[in-house]
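My questions concern the predicted model and sequence given below.
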Amino acid sequence: MKSCLLILSLLLFAGCVISVGQTKAGPSPQQIKPTPTENPLAKALQEGNQAVTAGRYDDAIAAYDRGIALDPSQYVLFLNKAAALRLRGTQTYNQSLGPNRDQKTKDAIRRDWLAAVESAGKAMNLVEASSSSTPPADLYQARLVTLQEKALDLSLLGRIDEARLPEAAGAYHAAAELAKDPVKKNQLRNNEAWILFQALDFGKALSVYKNVLETEPENLDALYGATMAAVSSEDWKSCNAYGARFLKVAPAADRRRAEIKETLDAIPK
């Protein structure tokens, strides 16, 4: 794997889960180091990164495509293209919320998110193809960030195609298994559990949330998710236990407190 673009890559593009209420989702790109303009590959990457930062996703995708045409072995170009496609699809999704979204708009969203999944998959394949010549630390980071991007792309695609939700959960599970940092690992597990919840696999979602709580007993996302997964699977005992724990540690400003209280009041005693 060539090192010049690894230095320039936006490896944090896939670092967080999108909230659909956001127009511009995901973390902001890192500032990259200036590169000689005579290097067309580095220039394409830099222009793409700058365009993403400015929210000009069409320009970003075009720039990454120019780079790919110059050297299709660079995984970071496919990774960042996936992020740009994901963000463009999310922007369209957010701008067309409601029952009046026409079929043309739905098709555009689907195309972007499908293309993002495909581009992330190509990035993953390139990472593995060069694994024998990549330093272990770089290989670990590349594997983790490409897995996260694909999981995020699949989870969005699942909003309009529920059949892809198990695949998204599987990608988050793989990323969690790979992650070394305990906090990151639990973030990814919570993502996996939430996708399983959306897929109506409440028992499995609850099991993943329990796994998080074994290592982080006061993880609010896991306590909230476990409560909702338990009530959805009619496990009243677990619902009451996790809900009580959530209310004990959640700050007063946490808006989920009201929902948890309502849930606990409504379950059979």
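Now that the structure is in, tell me what you want to look at.

how deep is E234 tucked in, by neighbour count?
The tally of other residues near E234 (other Cβ atoms under 10 Å) stands at 11. Where C-beta positions appear, they are placed from N, C-alpha and C, glycine not excepted.

Residue numbering should commence at 6 henceforth.
All right, first residue 6 from here; so that's E239.

Look at it and give its secondary structure.
Using DSSP: H, G, I helix; E, B strand; the rest coil, the secondary structure recorded for E239 is coil.

Report the contact partners of R93.
Y62, D63, I66, D117 (Cβ atoms under 8 Å, 6 or more residues apart in numbering).

mind putting those in a markdown table, distance to T110 included?
Formatted as a markdown table, the contacts of R93 follow (distance: Cβ to Cβ, whole Å):
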| residue | distance to T110 |
| --- | --- |
| Y62 | 16 |
| D63 | 16 |
| I66 | 18 |
| D117 | 11 |
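
Is it possible to get CSV of the residues you listed that adds neighbour count and secondary structure?
Below are the contacts of R93 laid out as CSV (neighbours: other Cβ atoms under 10 Å; DSSP: H, G, I helix; E, B strand; the rest coil):
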residue, neighbour count, secondary structure
Y62, 23, helix
D63, 10, helix
I66, 24, helix
D117, 25, helix
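
Could you identify the most distant pair in those residues?
Pairwise distances across these peak at 10.8 Å for D63 and D117 (criterion: Cβ to Cβ).

Does C244 belong to a helix, a strand or coil?
Put simply, C244 is helix when judged by three-state DSSP.

so what's it up against?
Shown in contact with C244 (Cβ under 8 Å, 6+ apart): T232, A235, V236, T268, L269, I272.

nearest residue to the fifth one other than its sequence neighbours?
To tie it back to what came earlier, the one meant is L269. In this structure, L269 finds its nearest non-sequential neighbour in G248, 4.7 Å apart by Cβ to Cβ, 6 or more residues apart in numbering.

what residues are up against the one you found?
The contact partners of G248, taken as Cβ under 8 Å, 6+ apart, are L228, T232, I265, T268, L269.

Now with 6 Å, please.
Applying Cβ atoms under 6 Å, 6 or more residues apart in numbering, we find G248 in contact with T232, I265, L269.

Mind jotting down where the helices sit in the stretch 56-205 of the chain?
When assigned using DSSP state H, counting those that start in this stretch, the helices of the stretch 56-205 of the chain occupy the ranges 62-75, 80-100, 108-134, 141-165, 170-183, 187-203.

Can you pull out the low-pLDDT segments for the stretch 56-205 of the chain?
Within the stretch 56-205 of the chain, the set of residues satisfying pLDDT under 70 comprises 104.

so how far is L193 from the residue lying closest to K127 once chain neighbours are set aside?
Take K127 and drop its neighbours on the chain: the residue closest to it by Cβ to Cβ, 6+ apart is F83, 4.5 Å away. Counting by Cβ to Cβ, to the nearest Å, the gap from F83 to L193 is 21 Å.

Check M233 too.
Where L193 is concerned, M233 sits at a distance of 19 Å (Cβ to Cβ).

dump the residue contacts of P273.
Counting by Cβ under 6 Å, 6+ apart, P273 makes contact with W241.

give me that answer again for 10 Å
The contact partners of P273, taken as Cβ atoms under 10 Å, 6 or more residues apart in numbering, are E239, W241, C244, N245.

thinking again about what came up before, compare the contacts of C244 and tell me which is most surrounded.
The most neighbours of any of the contacts of C244, using other Cβ under 10 Å, belong to T232, which has 28 neighbours.

May I ask which helix or strand encompasses that one?
In this assignment (DSSP states H and E), T232 forms part of helix 225-237.

Need the contacts of G248 in JSON lines (columns: distance to E223 and pLDDT).
Written out in JSON lines, the entries for the contacts of G248 read as follows (distance: Cβ to Cβ, whole Å; pLDDT from 0 to 100):
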{"residue": "T232", "distance to E223": "14", "pLDDT": "98"}
{"residue": "I265", "distance to E223": "14", "pLDDT": "98"}
{"residue": "L269", "distance to E223": "18", "pLDDT": "97"}
